[in-house]
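Q: Let me see the structure of the following:
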Amino acid sequence: MGRFGLKCAVTAAALLWAVGCRALAGRSEGPVVWACGESVKVSPDAAPQAKNSVWNGEVKEIRLFGARQEYVGFQVVTGAGAAPLADVQVQVALKGPDGRPFDAGNVDLFRQHYLRVTVPSQFDNTVPVPEAKAGEFPVQMVPLRGKGFTVPAGRSQPVWVDLYLPENQAPGEYSGEVRVTSAGKVLAAPKLRLTVWRFTLPRETHLKTMMGTGPEHLRWGFGLKRDQEDALRALEDRCFQMAHQHRLNFNPSGTGDVVEEWGGRWRKYLDGSAFKERAGPGVGQNLLMTDPGVEHGGITPYLKKVLGWWKREKLPATLAVYVFDEPHSDEDFAEVQSRAALVRATVGKEIPIYLTTTKPGRVPGGLIDIWGEVPADQIPTRQARGEKFLAVNQGYALGPYVDTPGYAGRSQAWMAWKMKLDGWHFWDCCYWTDRQNLIGPDGKRRTFREIDADPAQFITDTWTNPLTFDQKRNPRHRDWIRINGDGVLFYPGTPAGLHEPLASFTMKSLRRGLQDYEYLWLLREKGKPADDIVDRIVPRANAWSRTPDEWDEARLELGRRLDALAAN
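A: Model (predicted):
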């Protein structure tokens, strides 16, 4: 989708970040090791924290809690002090209540790669993205896989640790340590304690998500030629699998023909047969979009084909017709009405119609089933009529971008629960080439053919440049949307010597929120809704807690309630 829907009614200036934890004064002259949770972006000049939601510096202990079929993440931060540290290694060891070791195959470690933001994200020249600021931010998650890393003098380097707790993980108390070494010398070995609760998160994800992209972005980002189909399929599979482990839907679209693509090479991801390991085995994607078929032989014949295919599939996912993206002019809205009427005449209510617009009143009632970008104050009345809503991009919470806090992605799922939204839609997830803003010498937008002929000339260097969507590149714009990490959740791993996509901090944050959502869903299913906790964290649209520890404490309270119910 386009990016012009970003200009939401944000009037408050960006607030300073609050980490909600006590920091030790000054920086140690020698190496220092500490830890923090999933909702903190650790800057390279961060002072070590004395205490936070997972770390107690007085007793040097990391304290974690988790459900079965959940990823429990935390960060181990190594500060170099006055001298650099070479060949730093992080090792995690745990033993369960029966004395058996925690499966090392369910421990993933990532070095976080920093990007420097010089232009804080903005919705236009006068409206900044809330809480965005300049500085260095952890972005790409580079798998360590036993390799060491260097920490320059005077800097800190966080390592993200994922512990996956399988469905059959024994509940109870686990204990061990996190050993950090440099050139074979132990720098620190803080204790690690993990409580595995007595409940299990569902295999399914109950908040729908859609992260679009085009396969050409994968080709361009990894330097593939058009005839390297096997290599492209391998990259697609890595994206599908990674997204699934973060409870997200990867929704590429090449030809746009949903029957050809999702009934063909991507069908195994739709029905779930491709997902066999770790979280959500056998569970397919929960949301799929198709265009109305204007470019596929006409709306009526195309959607008749789609409806026939969908009825035969009998899948639990929602299929919707994305009838138009962000109409602006009278002509656009006339086209919306014409298309939607024809879609309804062809498939009735059997396939819902989706539209993104900030002006839903310009569309006749009853034509649209699912909306995106609608102003928050208009949603409850329409929900009472049975209409559904997706948050789009930053939606009604904090924008999930490079230069926003670590709880930004997490805020999307919590806000969706608060507002009774049906899902979250991110316009792209591999937008490594700023196609919308690349202008040629003739003053026109660069064509697909131009970029495809020499993608290396046009691709954003996402290893050094966080600004992925920048209307300042386009001389026709005077009021610029400029966003760091816009349209990007995956990053090319080639700068790190890896021919694979890398996850981002934002993806981890989104997963944390989606897992939190399942806590809320379970409590509601058990007749114990936790609206009191939700109201504390996201009291209303466009308002959220700005303290990372408060987010973690809310999850702990949800988990303890569920654990108590499981015990009874």
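Q: so where is the stretch 51-200 of the chain shaky, pLDDT-wise?
A: The stretch 51-200 of the chain contains no residues with pLDDT under 70.
Q: Now A83: closest residue in space that isn't a chain neighbour?
A: A153 (5.6 Å; CB to CB, 6 or more residues apart in numbering). The C-beta positions use only the backbone N, C-alpha and C, and glycine is treated the same way.
Q: tell me, how many neighbours does the one you found end up with?
A: 11 (other CB atoms under 10 Å).
Q: tell me the contacts of the most centrally placed residue in the chain?
A: Centroid check for the chain by CA atoms, centre = their mean gives M507 as the closest residue, at 3.4 Å. M507 is in contact with M141, M242, H246, L248, G409, L489, F490, counting by CB atoms under 8 Å, 6 or more residues apart in numbering.
Q: Tell me the predicted confidence for it.
A: pLDDT recorded at M507 is 98.
Q: how about the helices of the stretch 101-250 of the chain, start to end?
A: 215-221, 229-245 (DSSP state H, counting those that start in this stretch).
Q: can you check the chain too?
A: 215-221, 229-245, 258-262, 267-270, 299-313, 330-347, 379-384, 408-419, 448-453, 505-525, 531-537, 548-567 (DSSP state H).
Q: Just the CA atoms of stretch 293-310, as CSV, please.
A: Extracted as CSV, the C-alpha positions of stretch 293-310 are listed here (Å, rounded to 0.1, in the frame of the first residue of the first chain):
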residue,chain,number,x,y,z
GLY,A,293,-9.0,-8.4,-10.4
VAL,A,294,-9.0,-5.3,-12.5
GLU,A,295,-5.7,-6.4,-14.1
HIS,A,296,-6.7,-10.1,-14.2
GLY,A,297,-9.3,-10.2,-16.9
GLY,A,298,-11.9,-8.1,-15.0
ILE,A,299,-13.4,-8.2,-11.6
THR,A,300,-16.3,-10.5,-12.3
PRO,A,301,-14.5,-13.4,-13.9
TYR,A,302,-11.5,-13.1,-11.6
LEU,A,303,-13.5,-13.1,-8.4
LYS,A,304,-15.7,-16.0,-9.5
LYS,A,305,-12.5,-18.0,-10.0
VAL,A,306,-11.3,-16.9,-6.6
LEU,A,307,-14.5,-17.7,-4.8
GLY,A,308,-14.7,-21.2,-6.3
TRP,A,309,-11.1,-21.9,-5.3
TRP,A,310,-11.6,-20.5,-1.8
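Q: Now do the contacts for the residue nearest to A83.
A: A80, G81, A82, A83, P84.
Q: just to revisit the earlier point, just name the most buried of the helices of the stretch 101-250 of the chain.
A: Mean neighbours per residue, mean count of other CB atoms under 10 Å, is largest over the helices of the stretch 101-250 of the chain for helix 215-221, with a mean of 22.
Q: Isn't G172 up against L194?
A: No: in this structure, G172 is not within contact of L194 by CB atoms under 8 Å, at 9.4 Å.
Q: rewinding a little: any chance of the contacts of M507 in JSON lines, with distance to R68 too?
A: Converted to JSON lines, the contacts of M507 look like this (distance: CB to CB, whole Å):
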{"residue": "M141", "distance to R68": "24"}
{"residue": "M242", "distance to R68": "21"}
{"residue": "H246", "distance to R68": "17"}
{"residue": "L248", "distance to R68": "20"}
{"residue": "G409", "distance to R68": "23"}
{"residue": "L489", "distance to R68": "26"}
{"residue": "F490", "distance to R68": "27"}
